[in-house]
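Colleague: no letters, just coordinates:
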């Protein structure tokens, strides 16, 4: 167990989720008699969930900043129908249509960000209103009709990497992508190790790093194999590619940039952040705006996949995205969460969905199981945190779980207590 | 005034050698308190002396068993296990922060948790009848249906007392009852307390306003550093404000400060006519036309009691981060500067270390290195990308120079002790390289050894030619550290004393009265 922990870092939650994901895949692989890890099924899984995972990327930033966005499904639907209509009525080429969709998303995001950040209305309310508002707009501009999109736009949601180069029996571009992935993982691991050594910081033991690299790369190569050997005409899907690029960009932004730091700071302790010179309103505005841009993108991908935009696209997406984020280790009160964690959380839900379908479990039972998984994942986290590690959820739950400890007067936290103490 | 009590009066309450310890801190040690039936008993002491802790022991907030000593009340040894138990015995505490619910009406608040019930349903007719009586008793002419949020703080205080009377109170504890009240409301409240005394209700009153205590108290118990020092009988001992102050501050000054020879330069930071309104309450000023200046290399103290407006002054200057700005101008190096938000304040070379480290100063989810660089990310970033190597090196450098005790700079700040947390916060502001650093209660909740180190850091900053403002409730700290001390009372600067002029007595005098220094 200790060795495993070292392998996956001290973060029990992330470790737990990756472990759960692997266990789930193995479980379903066994019980579906091998139908889970087939090229067709895996490609399907990615295609069918890419848009939720894209939403989860935006949602985790919103949740880290301490908000929530309930409107993403409606925003996606509104952007989807607008783009479909723009192509049909204005003859926009696909790339202009995509740009138009992203801009529309940004505009919607600015609207929601304005109310949330500058007027100070809780995002829950703003986006609950947005949920109704943009669902209504979708049905208003589309007259509740289904609007088809042309083939080149469908490529965005259902396309695959093309076949190029010599016939190797594999999809060459997919293989190339896999190899680039492997090289990238190795390179970045070595680089961060070198940096840490140069600074005299704590370095992972060599065997830990090597085992980790072997495991991760084996996973990448196996996935590459699955994607590259699908039935003719299929390979690594375009939505998956978009998702991959977004994960890299947003993973980088959240972990390595100034704005990323500011998002965590605002969510962790808004007052402390403001007193350190962080402009929290700007941060909140950008986070909300970004969410709607990504929702627009998800909507377009979905429209491309389903070949048409309809009045009930995107219903319930917000719940899937939020569930993914919380399973992936984010805290309800903000300040905690990672992009990669949310993707893993989203994949757990996706694999569960897919596996239960393959097993022939009905939609009713599937929902019950998914609900329990969400609850169990967060409960696991809360339990972990109350066992010594401090977390917001942990602190909130402390009074229910066990006898609360007395707070020494010098360790008072709330202003009220400080004032009371002063007298 | 009603008849003063004498030694022959029976004892209502006796707290015998109460000792209360928190992990690492002895908040009360062997405190004794005797309160006679029908008297007004004041408890005086500096901030943090243990007054509130004592009252929490009495009212059962800290249950029996969590402290040592005995509480004898009504000639019986009591073992209150919670507030309800002490209330049943007739002990009611009214906290400084009122425990009223703003949205509910006066009547609903009076009967909250104590509703008159008939057959399982609240009997509002009965409640109304009784609240009209109670409001008449406390002299509050308001409709019982008026929501609490629509009446002023003074009247809210009266509602609290009405609520206590409804619980058939025998011993009323008032924690800073007039702290938030204006002159006339305060007087009304004091008259009411005297009136209650006439009806046989005993009161314990905690207050910083010594003139009020002198006016209404029969006896005064002074607490200092968690010990009961003396009990004075106001009439018999001829107690006046000076006598109380002497008791409150009478500790000896040990050498708790590093040696330091100030190198003071010219005035570089000046604030003129600084006036700021309360963020929520209309027409209430938290800073009233304050003027002060800081010289290079100078450590300037700000003395004032809790709620006097020290923090409000500092935060409003620091990028208008508190209250509603009304008027005033800040000059730096002779030029007027404007700081409309914290970012601009930092860019103008200001830093502010908050008094409330955990709720305002730190993101407890962060680790040390993230916190250290959080106010000056620009300095370690290329474009928008934070350079993790530089971040680590900067944090490491401050860890070494400030001697922060931690296994690594990747440790979470929530795991550090108060003193080490404060060092991380200081590092964060030192990294912004400020010209003027404002430290609000820099040693609160920090043990003596770490205090000494923090004093050393403060003096070092001054030696580098920076101006330092220290806001502190601990007078010995201000006296030991500051080159000059301003006193603040109710939002106004009431005086300024140089290191040689200042003493605990002279400061306390300026901190507790609006009399301007001559």
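Modeller: Cool, got the structure. Note that this is a predicted model, so its numbers are computed, not measured.
Colleague: all strands of the stretch 51-200 of chain A, in order?
Modeller: Per DSSP state E, counting those that start in this stretch, the stretch 51-200 of chain A carries strands over the ranges A:147-148.
Colleague: around chain B, pick out the residues from it.
Modeller: Residues of the stretch 51-200 of chain A lying near chain B by C-beta under 8 Å from any C-beta of the partner chain: A:195, A:198-199. For the C-beta atoms, the positions are set from N, CA and C on the backbone; glycine is no exception.
Colleague: would TSV of these with pLDDT and neighbour count be doable?
Modeller: Output for those, formatted as TSV (pLDDT from 0 to 100; neighbours: other C-beta atoms under 10 Å in any protein chain shown):
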residue	pLDDT	neighbour count
A:195	81	14
A:198	79	11
A:199	73	16
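Colleague: which ones among those residues map onto helices?
Modeller: Counted as lying in helices by DSSP state H, out of these, are A:195, A:198-199.
Colleague: any weak-confidence spans in the chain?
Modeller: No chain in the question, so chain A it is. Applying pLDDT under 70 to chain A flags the ranges A:1-16, A:201-202, A:384-423.
Colleague: wait, chain B
Modeller: For chain B, the stretches flagged by pLDDT under 70 are B:1-8, B:23-25, B:47-48, B:180, B:250-256, B:445, B:447-449, B:514-518.
Colleague: can you give me the domain assignment for it?
Modeller: Domain assignment for chain B, taken from automatic domain parsing, gives B:1-90+B:170-251, B:98-167, B:252-349+B:434-518, B:359-432.
Colleague: closest one to residue A:24 among these?
Modeller: domain B:359-432 (29.0 Å; C-beta to C-beta).
Colleague: the closest one: end-to-end distance?
Modeller: Terminal residues of domain B:359-432 lie 21 Å apart, using C-alpha to C-alpha, to the nearest Å.
Colleague: that domain: how far from the chain's middle?
Modeller: Centroid displacement of domain B:359-432 relative to its chain, using C-alpha atoms, centre = their mean, to the nearest Å, is 28 Å.
Colleague: which strands or helices does the helix or strand encompassing residue A:375 pack on?
Modeller: Element membership of residue A:375 [criterion: DSSP states H and E] is helix A:363-386. Secondary-structure packing of helix A:363-386 (3 or more C-beta pairs under 8 Å, 6 or more residues apart in numbering or on different chains; DSSP states H and E): helix A:12-31, helix A:317-327, helix A:339-358, helix A:392-401.
Colleague: so which of these gets nearest chain B?
Modeller: helix A:392-401 (7.5 Å; C-beta to the nearest C-beta).
Colleague: what angle sits between the helix holding residue A:375 and helix A:12-31?
Modeller: Taking axes from the mean of the first three to the mean of the last three C-alpha atoms, to 10 degrees, one finds helix A:363-386 and helix A:12-31 inclined to each other by 150 degrees.
Colleague: and the residue of the stretch 251-400 of chain A found nearest chain B, what does it touch?
Modeller: Closest to chain B within the stretch 251-400 of chain A is residue A:268: 3.6 Å, counting by C-beta to the nearest C-beta. When contacts are counted by C-beta atoms under 8 Å, 6 or more residues apart in numbering or on different chains, residue A:268 touches A:334-336, B:363-366.
Colleague: can I get these in JSON lines with neighbour count, distance to residue B:383 and secondary structure?
Modeller: Listed next are the contacts of residue A:268 as JSON lines, based on neighbours: other C-beta atoms under 10 Å in any protein chain shown; distance: C-beta to C-beta, whole Å; DSSP: H, G, I helix; E, B strand; the rest coil:
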{"residue": "A:334", "neighbour count": "23", "distance to residue B:383": "26", "secondary structure": "coil"}
{"residue": "A:335", "neighbour count": "25", "distance to residue B:383": "25", "secondary structure": "coil"}
{"residue": "A:336", "neighbour count": "22", "distance to residue B:383": "26", "secondary structure": "coil"}
{"residue": "B:363", "neighbour count": "24", "distance to residue B:383": "24", "secondary structure": "coil"}
{"residue": "B:364", "neighbour count": "23", "distance to residue B:383": "29", "secondary structure": "coil"}
{"residue": "B:365", "neighbour count": "22", "distance to residue B:383": "26", "secondary structure": "coil"}
{"residue": "B:366", "neighbour count": "22", "distance to residue B:383": "23", "secondary structure": "coil"}
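Colleague: will you turn these into TSV that also has distance to residue B:459?
Modeller: Output for the contacts of residue A:268, formatted as TSV (distance: C-beta to C-beta, whole Å):
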residue	distance to residue B:459
A:334	38
A:335	35
A:336	39
B:363	28
B:364	29
B:365	32
B:366	28
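Colleague: out of these, who's nearest residue B:200?
Modeller: Comparing the contacts of residue A:268 against residue B:200 with C-beta to C-beta places residue B:364 closest, at 49.0 Å.
Colleague: give me the neighbour count for the residue lying closest to that closest one once chain neighbours are set aside.
Modeller: Take residue B:364 and drop its neighbours on the chain: the residue closest to it by C-beta to C-beta, 6 or more residues apart in numbering or on different chains is residue B:414, 4.3 Å away. Counted with other C-beta atoms under 10 Å in any protein chain shown, the neighbours of residue B:414 add up to 16.
Colleague: is it correct that residue B:414 is in contact with residue B:363?
Modeller: No. If you go by C-beta atoms under 8 Å, residue B:414 and residue B:363 don't touch, sitting 9.4 Å apart.
Colleague: what sits against residue A:352?
Modeller: Residues in contact with residue A:352 (C-beta under 8 Å, 6+ apart) are A:24, A:366, A:369-370, A:373.
Colleague: separate out the buried members of those.
Modeller: Neighbour counting by 16 or more other C-beta atoms under 10 Å in any protein chain shown classes A:24, A:366, A:370, A:373 among the contacts of residue A:352 as buried.
Colleague: and the two most separated of these?
Modeller: Among those, A:24 and A:366 lie farthest apart (C-beta to C-beta), at 13.6 Å.
Colleague: ok and the helix holding residue A:375 relative to helix A:339-358, angle-wise?
Modeller: Going by the same axes, to 10 degrees, helix A:363-386 makes 150 degrees with helix A:339-358.
Colleague: just want the angle from helix A:363-386 to helix A:317-327.
Modeller: Using the same axes, to 10 degrees: helix A:363-386 against helix A:317-327 is 30 degrees.
Colleague: now for residue 81: which residues touch it?
Modeller: I went with chain A, as the question did not name one. Neighbours of residue A:81 in contact, by C-beta under 8 Å, 6+ apart: A:138, A:141-142, A:147, A:309-311, A:313.
Colleague: you answered for a different chain; I wanted chain B.
Modeller: B:60, B:63-64.
Colleague: alright, I will stop here.
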